[in-house]
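**Q** any chance you can model this:
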Amino acid sequence: MDISSLLQKSTSVLKDLKFKTPALDTELILAKALQTTREDILTNQNKILTNKQFDLFNTYFIQRLKKKPVAYILGNKEFWKSNFAVNQNVLIPRPDTELIIQETLRIFDKFKSINILDIGTGSGCIILSLLKELKLSRGVGIDISIDSIKVAKINAKLQQMDNRVNFIKSNIDNYNTSNYDLIVSNPPYIKKFKLKSLSEDVKNFEPKIALDGGPSGKALIHKVIKKSSKLLKRKGILILEFDNDQIYFTKKTLIENDLFPKKIVKGISGYYRCMVSIKN
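**A** Residues are numbered from 1 along each chain as shown. Down below sits the predicted model:
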């Protein structure tokens, strides 16, 4: 079968099943099977697949039919300006999380050396993206999952940042190294009862530990804020991702912990998603 026919038939299957991006999903999966780029398959649609390539595509395509996220099938996801390795031990990076990078770059000069902590680092995409922009800075990423830390370390090597970042398995309660200029965090903030209503791609494949914010969705936000107040330098910055309906709780908790909310930023969906605060 040639590329054109396979793309048409497979895209049609996903479209009938109401997948959101059937053509894109199919093209990316086929590019993975052919070990090439999406652009290459789109410009060489008369190419005939070998039996091995066809079988490999079918293996990946069946995974997608079972709602496995494309990022996990591919083993990587683009975030900010780089591709990051991902697997089912880490949350797939979202575009809204790039707000943390944007806001950091509005505050800190690219050629200033700062000390950064990433709480709940996951794949390491936030801290590594920051370090690629802030070329004289150093950072630490902590996570309670040793499997996440393994992925983050792989990404540090891929991004050639392993000499400027340290990834540590640690609960935020037990982490006491202080004097940070910047703390960033995308903590679990989804209410436990809402997990069942998430899309199958998310609830069946992405790590619950990175999504579950407890009954109110606020427990980890509270912990991050309280601990950040102790770990930041005076005038240090905390940039935190949260859910739109947690805005007043987040502001109140920041103020109670000697942090002044400076800016609230909306994400792609138009909902508030990121808050910048400064330690008094």
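
**Q** contacting residues for the spatially closest residue to residue 263 that is not a sequence neighbour?
**A** On the basis of C-beta to C-beta, 6 or more residues apart in numbering, the spatially nearest residue to residue 263 that is not a chain neighbour turns out to be residue 276, at 4.3 Å. C-beta coordinates here come from the backbone N, C-alpha and C atoms, glycine included. Contacts for residue 276 were tallied using C-beta atoms under 8 Å, 6 or more residues apart in numbering; they are 103, 107, 237, 238, 239, 261, 262, 263, 264, 265.

**Q** so residue 276 belongs to a strand, correct?
**A** Yes - using DSSP: H, G, I helix; E, B strand; the rest coil, the assignment for residue 276 is a strand.

**Q** per-residue confidence for it?
**A** Confidence at residue 276, expressed as pLDDT, is 98.

**Q** what pairs with the longest strand along the chain, parallel or antiparallel?
**A** The strand of greatest length in the chain, counted in residues with DSSP state E as the criterion, is given as strand 232-241. When sheet partners are counted by DSSP bridges, strand 232-241 sits next to strand 180-185 (parallel), strand 272-279 (antiparallel).

**Q** kindly export that strand (C-alpha atoms) in CSV.
**A** This file holds the C-alpha atoms of strand 232-241, laid out as CSV (Å, rounded to 0.1, in the frame of the first residue of the first chain):
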residue,chain,number,x,y,z
LEU,A,232,12.8,31.8,48.1
LYS,A,233,15.2,34.7,48.6
ARG,A,234,13.6,38.0,49.6
LYS,A,235,12.1,39.5,46.4
GLY,A,236,12.3,36.0,44.9
ILE,A,237,9.6,35.0,42.4
LEU,A,238,7.1,32.1,42.5
ILE,A,239,5.3,31.2,39.2
LEU,A,240,2.6,28.7,39.7
GLU,A,241,0.1,27.0,37.4
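
**Q** who touches the next helix or strand along the chain from it?
**A** Per DSSP states H and E, strand 232-241 leads on to helix 247-256 as the next helix or strand towards the C-terminus. Applying C-beta under 8 Å, 6+ apart, the external contacts of helix 247-256 come out as 218, 221-222, 225-226, 238, 240, 242, 260-261, 264, 272, 275, 277.

**Q** now, of the contacts of residue 276, which are buried?
**A** When burial is judged by neighbour count using 16 or more other C-beta atoms under 10 Å, the buried members of these are 103, 237, 238, 239, 261, 264, 265.

**Q** a markdown table please, covering these and showing pLDDT and distance to residue 174.
**A** A markdown table is the format used below for those (pLDDT from 0 to 100; distance: C-beta to C-beta, whole Å):
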| residue | pLDDT | distance to residue 174 |
| --- | --- | --- |
| 103 | 97 | 28 |
| 237 | 98 | 23 |
| 238 | 98 | 19 |
| 239 | 98 | 22 |
| 261 | 97 | 27 |
| 264 | 96 | 30 |
| 265 | 96 | 30 |
